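In: Okay, predicted coordinates and the sequence, questions at the end:
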Amino acid sequence: MKKKLTEMAVDKMNPVAGQRLEVFDTLTPGLALRVTEAGKKSWSVMYRVAGRGDGGNRGALRRMTLGAYPLIDLKAARDKARAAIDLADRGDDPADQRKDELRQKGERVFEVICARFIELHAKAHTVKWKDTERLLNTYVVPEWKSKPIDTLDRATAHELLDEIAMEHGTGAAREVRKHITKFFNWAVDRGLLTASPVAGMRRPELGYFARERVLTMDELKAIWAAADKMGYPFGPMVRLLILTAQRRAEIAGLRRDWLLPDQTAYEVPAAFYKTDRPQVVPLSAPALAIVEGLPKWNSGDFLLSTTAGKVPVSGFSKAKARLDKFSKVEGWTLHDLRRSAATHMARLGIAQEHIERVLGHAIEGVAGTYNRYSYLDEKRAALETWGALWK
């Protein structure tokens, strides 16, 4: 069927029972509107490529899909059809151009460019490039996968940061903002973007500032007591943070198979530790009592979990808000527990070198090269001395 199509005619065109309707536009030869029996409408163009047939004649009749209506309206469909036919008249197959465009689009989706950024920039210029890779793959790639980077705008970035801040806290959102800013600046420099969508972004709550908060013993005791009201898994998690002086991610991700045979210590594999070295953490008497009292799940190996051990505990922002309410302690973060524990261990007379080993800090030079079990006795003595205050 041939007909001079109009926007109104296309909009009101109804399906025909038992068959697929196809109407060719008389104003744009080759342009066709298909209407399925279910009422779905789509555009295509019919063409013959000049010089592709026998004796230099036009080639066989071909069809190329242009897109669905109403996402592509009549005017846009006519423009696309005319452009395709013009290419065919010049001896170029528009379908080949479409394939090239799709290939280039596939090469410019976020996860592809992100992997290139890690390989060519982060690895070359960042000592802790694995942290960058881990953060982007955890928080950003799952949300922006398959999206061409030139479609990522400021609103999309704000939305991502909002979701991360609500689910994982402002600390995680702050780190993501820092790394996507570097990513977009790198993409602009490479000519992959004309401008960074996060340039000049105003997020004062995600700004960096020095953390010097050291909680007093009274504040720590208030948080310790409040943790008891929280129940599993956040209560035990907070108390273990106080007792071990370890990072939140490492305590939250504790696995039962990390416990050493006598269960008086656990070993974090290098792949899960910030310094990319294994860390053995002795369990003081009160810490061991907490670990022994944790549930043993059949579905997974994580000690602190809301999914029967399948995945580690999360949702720290909401838990922290409840902890603030119960403890009445304000203006602190979970990471401050680590700094505070280290400070109070020093006050108890524990050698700074032993505290550094407890914290798992990378120590440069000869002193930094040590067996994972060296200083184990010193670390245990430090944590037992600290743990004696919490029995």
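Out: That came through fine.
In: Figure out the helix or strand that R34 lives in.
Out: strand 31-35 (DSSP states H and E).
In: following that strand, which helix or strand shows up next?
Out: strand 41-47.
In: partners of that next one in the sheet?
Out: strand 31-35 (antiparallel), strand 62-69 (antiparallel) (DSSP bridges).
In: export the longest one as CSV, just CAs?
Out: Looking back up the chat, that one is strand 62-69. The C-alpha atoms that make up strand 62-69 are tabulated as CSV, following Å, rounded to 0.1, in the frame of the first residue of the first chain:
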residue,chain,number,x,y,z
ARG,A,62,17.6,-4.2,0.6
ARG,A,63,15.8,-3.1,3.7
MET,A,64,17.2,-1.2,6.7
THR,A,65,15.2,-0.6,9.9
LEU,A,66,15.2,3.0,11.0
GLY,A,67,13.5,2.7,14.4
ALA,A,68,10.2,2.6,16.2
TYR,A,69,7.3,5.1,16.2
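In: That one: which residues count as buried?
Out: Using 16 or more other CB atoms under 10 Å as the test for burial, strand 62-69 gives R62, M64, L66, Y69. For glycine as for every other residue, the C-beta is placed from the backbone atoms N, C-alpha and C.
In: For the second one, list the residues it contacts.
Out: What that stands for is M64. Neighbouring residues of M64 by CB atoms under 8 Å, 6 or more residues apart in numbering: S44, V45, Y47, A84, P94, A95, R98.
In: what pairs with it across the strands?
Out: V45.
In: Please tell me how far it sits from L283.
Out: Computed as CB to CB, to the nearest Å, the M64 to L283 distance reads 67 Å.
In: same question, the first one
Out: With distances taken as CB to CB, R62 is found 71 Å from L283.
In: From what I see, V49 and D93 are in contact.
Out: Yes - counting by CB atoms under 8 Å, D93 is a contact partner of V49 at 5.0 Å.
In: Give the intersection of the neighbour lists for those two.
Out: With CB under 8 Å, 6+ apart as the test, V49 and D93 both reach R62.
In: higher neighbour count, these two?
Out: Using other CB atoms under 10 Å as the criterion, V49 and D93 rank with V49 on top: 21 against 17.
In: I'd like to know which of the strands paired with strand 41-47 is closest to L334.
Out: Among those, the nearest to L334 by CB to CB is strand 62-69 (48.8 Å).
In: tell me the average confidence for the closest one?
Out: Taken as a whole, strand 62-69 has a mean pLDDT of 89.
In: In which helix or strand does L215 reside?
Out: Going by DSSP H and E, L215 is not in any helix or strand.
In: Check what pLDDT the residue lying closest to it once chain neighbours are set aside gets.
Out: Sequence neighbours aside, S340 is the residue nearest to L215 in space, at 4.2 Å (criterion: CB to CB, 6 or more residues apart in numbering). For S340, the pLDDT comes out at 95.
In: State the distance from L389 to A88.
Out: Applying CB to CB to L389 and A88 gives a distance of 82 Å.
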